[in-house]
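# Quick one, fold the following:
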Amino acid sequence: MNTEANPADRVSRLRAQLNRAAHQYYTLDAPEIPDAEYDRLFQELQALEAAHPELRTPDSPTQRVGGAVLDGFAPVRHRVPMLSIRTETDTSPAGAEKFDEQVRNHLAGEQRRCELKASEPRHRAEPLHALALAALAGQPIAYVAEPKFDGLAISLRYEHGVLVQAATRGDGETGEDVTQNIRTIGQVPLRLRTEGGASPTLPVPPVLEVRGEVYMRRDDFEALNEAQRQKMAAGDKAAKTFVNPRNAAAGAVRQLDPAIAASRPLSFFAYGLGEVTPPAEGGPDWASHWQALQALKAWGFPVSALARQASGAAELIAFHAEVAAQRDALPFDIDGVVYKVDALALQRELGFVTREPRWAVAHKYPAQEQLTRVQAIDVQVGRTGKLTPVAKLAPVFVGGVTVTNATLHNELEARRKDVRVGDTVIVRRAGDVIPEVVAVLPDKRPPGAPEFTMPAHCPVCGSAVLREEGEADHRCTGGISCPAQRKQALLHFASRKAMDIEGLGDKLVEQLVDGNVVRSLPDLYRLGLAPLAALERMAEKSAQNLLDSLQASKHTTLARFLYALGIRHVGETTAKDLARHFGRLDAVMDANLDQLLQVPDVGPVVAGSIHTFFAQPHNREVVAQLRAVGLTWPEGEPAAHALLPLTGKTFVITGTLPSLSREQAKDMLEAAGAKVAGSVSKKTHYLVAGAEAGSKLEKAQSLGVPVLDEDGMRALLAGGGGPPGMP
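Modelled structure (predicted):
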C-alpha cells in the first residue's frame, strides 16, 4: 500500500522497484515479482507522472522499453525501434470496445486538425486517408487479432533472403546480437523459401527484418525441468529448475555458448516487421498487416494459426472470448491477445505516442500469477491416506478467482521450494488447475521462519505417518480406521471384487458418512431399515435390497476379505496369494516380514505394507468387529501343508455359464490352486466355455486346448485332477 505523502518520494520508490524488477526479468532472467505486480507498479508511476509532469524524467521506466545489453554480446542498433505495445488493463470485453473507440477518437481529432489547417491560406492540408474517412463515417475498422505470446521478443534481419543477424529487444533502441543461438531454432529459416512457398510475384526484398517471439512449449518446458530435477537428484549442484517457460526460453537465447541454446527446445512465431526495403527500391508493396503475415508464412515463417482478421469491436470481443476459452489447452503460454489496425495507411495516420503505437494494443486476461503471503501450512489427508501440505494464503485475486489455498504437493516439493510460514510467494493458477506456489521471495522472509516438516502422526486419526522408500508421498497408516479415508474405504470394501455389496454407491456412501450414520466398516452391518429408508433417494424397497445384499456379503472368501480391507499394495491377486499361502486370517495378521516374503510375488514393499497395517491396533479392532457382526469365510491348511489339486494349471473362462458368474468360477478355480488367465495361448491347460463363447473357443479348438462346460469344471474340481479321458 502507498504510505508516502510526498508524490516525489513515491515516484522515486516506484522507479527503484521497477528498475530492480526489470533488471531481474530482462537481464538476469530471474523474475522476483509476477507480471501483474510489475504492471500495477508501472501504471501507478504513469498516473503519478501524468498528475505531476514536473516529476517525469528521461530515465524513468515509463520513457523506455526496458532491458540492458549483457557483457559478452555485441550490441545491435535497431534501424526501426522495437517499441512495446500499450497494455489495456481492463481484462473484460470492454477493453476491446475501449481500443476501438480510442482509434476512432484519434482519427476524429486528426480530421479536425486537417479542417483547421485547411482554413489557413498559408497551409496546405493533407486530407485524411479514405479508410480513415470511412471509419469516421461509421464503417467498422479492419483489425488483425493475434495471441500475445509469453516469450522473448526477437528481431531477425535477412539480406537477399539469408539470415544475417538476430537481436533481442534490449532497450528498444539497442539490443544484443544472439544470431548464433537463434540459428539453433529449427523454426527460424536460415534462408527464405522462394520455391513452393512465396509466389513469383512476391520476390524476397533486399532487406527484411522480421519481428517475432522465441518461446518454449509447455510440454518441452516440463521435459526440461524433469531433466533438471534428475540432475539435481544425481548431485549436480549447478542444475536448477526454471520458474516458467518464458524465462527458460530467455535463458536459452542469452547463453554465450550456442551448444547450450541448441540443447534447449525453443520455438518461434513471427508477428511483425522492422526495417523493410521500400517498394521503390524493390521491396514489397503491402497494403495491410494481414498481407504481410501471409507473405511471412509463404517465406517459411511460423505464424500463429490463431491470428485472424476482425471487423470492428464486436469481432475483437468475440476473439478475446474465444482465445480465453482455449487458453489453458494451448501448447504454449499467452497472457492476452493483441489487436492491430490492419491497414498500413491507417497505422501511419495514427502514428505513435511516447513509446507506443496508437494502432495496436495488448488486451490482457486476468493474471495467472500474483504475490501473496503464506499465513500457515496445513496438512490435509486424502481419501487414499496421502498427506498433502497446503499453504494457507492471504486472499489474492489470480486466474479470475480469489485464492486462499495453494498445494505444496509433498514434503520434498515444499522443501525444494523452501516455502515457510510468513514467506512472500508467487502463486499461479491457470484455468481449473489447483493453485500452486511457483517461487518464494527469500529476501522478504521474516527472521526465524522454520523449515516445513511433515508431522509424524496423522492430523486426523493420530496414526503413524510413513513415507515408503523410493516414494515422494507420506501416507497415514490408519487405513480403514481413519475418518479422512472413510468414504474411500467404504467404496472399496463394497466393490464387486471385494465384498460385492450391490446398491452401496458413491452418493449413498456420501450420505452415510456425512450424516455420521456409518463411522467404520462394521457399522454397515448394523444398519436398520428405517434409518436407511429415510435417506435421500432411498425408499423402503431400496433399503431392504441393500440390507439383503449386506447380509449375503457376510459369506465370502478369505481372499476377498483381505482385498476388501484396502491394504496398500495388496491387489486382488496378492490377496489370493496370501489366502492360499497362509490359509487362515490370523496367520496373515500375525506373520512377520520374513514369513510374508515367503509368499509368491510378495516383495519387501508389499510385505512391509501388510505388516504395518496389521501392526496398527485400530485395524485389528476393525477386523475383530467385522467378525463379530457375522462375516465368515472358509479357512484351511496353508499351501505349505496342503497340496492344491490344480496348482500349475492355467484356465481361461469365456461365455455365460448356467449357474455361476465368471467371477465365482474364477474364485473356485483359484481356490484349488489354478491360475485364471484372460486369453487363450499354447500354455492354456483348459478353457471353461459357456453360452456364446465366441473367438476364445475357436482359438482353443485350433490349438487343441481341452474345453470344459460348467459341469466338467465342477467334476474336475471334485475329482482333484483331470476328468475321465483327460491327460
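
# helix/strand/coil for Val652?
Assigned state for Val652: strand (three-state reduction, DSSP: H, G, I helix; E, B strand; the rest coil).

# surely Pro31 meets Tyr25?
Yes: Pro31 is in contact with Tyr25 according to C-beta atoms under 8 Å; the separation is 4.7 Å. Using the backbone N, CA and C atoms, a C-beta is placed for each residue, glycine as well.

# distance between the helix or strand of the chain with the lowest mean pLDDT and the chain's centre?
The least trusted helix or strand in the chain, going by mean pLDDT, DSSP states H and E, turns out to be helix 130-136, with a mean of 78. Chain-centre distance of helix 130-136: 46 Å, with C-alpha atoms, centre = their mean, to the nearest Å.

# ok, now stretch 543-553?
Distance of stretch 543-553 from its chain centroid, counting by C-alpha atoms, centre = their mean, is 43 Å.

# So which residues make contact with that stretch?
499-504, 508, 524-525, 527, 529, 532-533, 535, 631 (C-beta atoms under 8 Å, 6 or more residues apart in numbering).

# Which of the residues in that stretch are classified as buried?
543, 546-547, 549-550, 553 (16 or more other C-beta atoms under 10 Å).

# still on that earlier bit, so what touches the least confident helix or strand of the chain?
Outside helix 130-136, the residues touching it (C-beta under 8 Å, 6+ apart) are 103-104, 107-108, 110-111, 128, 141, 343, 345-346, 349.

# Pull out the CA atoms of it and give them to me as PDB.
Presented in PDB, the C-alpha positions along helix 130-136 are these (Å, rounded to 0.1, in the frame of the first residue of the first chain):
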ATOM      1  CA  ALA A 130     -10.000   7.300 -47.500                       C
ATOM      2  CA  LEU A 131     -10.100   4.500 -45.000                       C
ATOM      3  CA  ALA A 132     -10.000   6.900 -42.100                       C
ATOM      4  CA  LEU A 133     -12.800   8.900 -43.600                       C
ATOM      5  CA  ALA A 134     -14.800   5.600 -44.000                       C
ATOM      6  CA  ALA A 135     -14.200   4.800 -40.300                       C
ATOM      7  CA  LEU A 136     -15.400   8.300 -39.300                       C
END
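
# Run me through the strand neighbours of the next helix or strand after that helix, direction for each.
Following helix 130-136 in sequence order, the next helix or strand is strand 142-149 (DSSP states H and E). Take DSSP bridges as the rule and strand 142-149 pairs in its sheet with strand 308-311 (antiparallel), strand 334-341 (antiparallel).

# just how off-centre is the longest one within its chain?
Meaning strand 334-341. Strand 334-341 sits 24 Å away from the centroid of its parent chain (C-alpha atoms, centre = their mean).

# Going by neighbour count, which residues of the helix or strand following that strand are buried?
On the C-terminal side of strand 334-341, the nearest following helix or strand under DSSP H and E is helix 344-350. Neighbour counts over helix 344-350 (16+ other C-beta under 10 Å) mark 344, 346-347, 349-350 as buried.

# among these, which two are most distant?
Greatest spacing in the buried residues of helix 344-350, by C-beta to C-beta: Leu344 and Leu350 (10.7 Å).

# for Gln17, what are its contacts?
Gln17 neighbours (C-beta under 8 Å, 6+ apart): Leu41.

# Against Pro189, how distant is it?
Applying C-beta to C-beta, to the nearest Å, the value for Gln17 to Pro189 is 41 Å.

# Low-confidence regions, the protein specifically.
Residue ranges of the chain with pLDDT under 70: 1-5, 23, 26-29, 63-71, 117-127, 195-201, 430-433, 639-643, 720-727.

# Show me the longest helix that occurs in it.
Longest helix of the chain, by residue count under DSSP state H: helix 94-118.

# Check which helices and strands that one is in contact with.
Identification of packing neighbours for helix 94-118 by 3 or more C-beta pairs under 8 Å, 6 or more residues apart in numbering; DSSP states H and E yields strand 87-88, helix 130-136, helix 312-326, strand 334-341, helix 344-350, strand 360-364.

# my guess is Ala360 meets Tyr339, correct?
Yes: at 6.7 Å, Ala360 counts as touching Tyr339 under the criterion of C-beta under 8 Å.

# Would you confirm that Ala607 belongs to a strand?
No: counting by three-state DSSP, Ala607 falls outside a strand, being helix.

# Tell me the secondary structure of Leu697, please.
helix.

# give me the number of residues near it?
Neighbourhood size, Leu697 [other C-beta atoms under 10 Å]: 19.

# Name the nearest residue to it, sequence neighbours excluded.
Ala689 (5.1 Å; C-beta to C-beta, 6 or more residues apart in numbering).

# So what sits opposite the one you found in the bridge?
Going by DSSP bridges, Ala689 is paired in beta bridges with Thr654.

# Would you check that it makes contact with Pro658?
No: Ala689 is beyond contact range of Pro658, at 11.7 Å (criterion: C-beta under 8 Å).

# Looking at those two, which one has more neighbours?
Ala689 (24 against 9).

# Who are the contact partners of that one?
654-655, 696-697, 700, 707-709.

# Please identify the member of the residues you listed with the greatest number of neighbours.
Thr654 (23 neighbours).

# so which of the helices and strands packed on helix 94-118 gets nearest Pro483?
When these are compared for distance to Pro483 using C-beta to C-beta, the nearest one is helix 312-326, at 39.6 Å.

# and the angle from that closest one to strand 334-341?
Counting by axes from the mean of the first three to the mean of the last three C-alpha atoms, to 10 degrees, helix 312-326 lies at 160 degrees to strand 334-341.

# Residues contacting helix 312-326, please?
Helix 312-326 has contacts (C-beta under 8 Å, 6+ apart) with 93, 95-97, 99-101, 140-141, 143, 145, 147, 306, 308, 310, 334, 337, 339, 363, 365.

# Next, count neighbours for Thr402.
Other residues near Thr402 come to 10 when the count uses other C-beta under 10 Å.

# pretty sure it is touching Leu393, no?
No: if you go by C-beta under 8 Å, Thr402 and Leu393 don't touch, sitting 9.9 Å apart.

# ok so, going back, can you select the buried ones from the contacts of helix 130-136 in ChimeraX?
In ChimeraX, this line selects whichever of those come out buried by 16+ other C-beta under 10 Å:
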select :103,104,107,110,128,141,343,346,349
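
# For the contacts of helix 130-136, give me JSON lines that also has distance to Ala324.
Below are the contacts of helix 130-136 laid out as JSON lines (distance: C-beta to C-beta, whole Å):
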{"residue": "Val103", "distance to Ala324": "22"}
{"residue": "Arg104", "distance to Ala324": "25"}
{"residue": "Leu107", "distance to Ala324": "29"}
{"residue": "Ala108", "distance to Ala324": "31"}
{"residue": "Glu110", "distance to Ala324": "33"}
{"residue": "Gln111", "distance to Ala324": "35"}
{"residue": "Leu128", "distance to Ala324": "35"}
{"residue": "Ile141", "distance to Ala324": "22"}
{"residue": "Ala343", "distance to Ala324": "27"}
{"residue": "Ala345", "distance to Ala324": "31"}
{"residue": "Leu346", "distance to Ala324": "27"}
{"residue": "Glu349", "distance to Ala324": "31"}
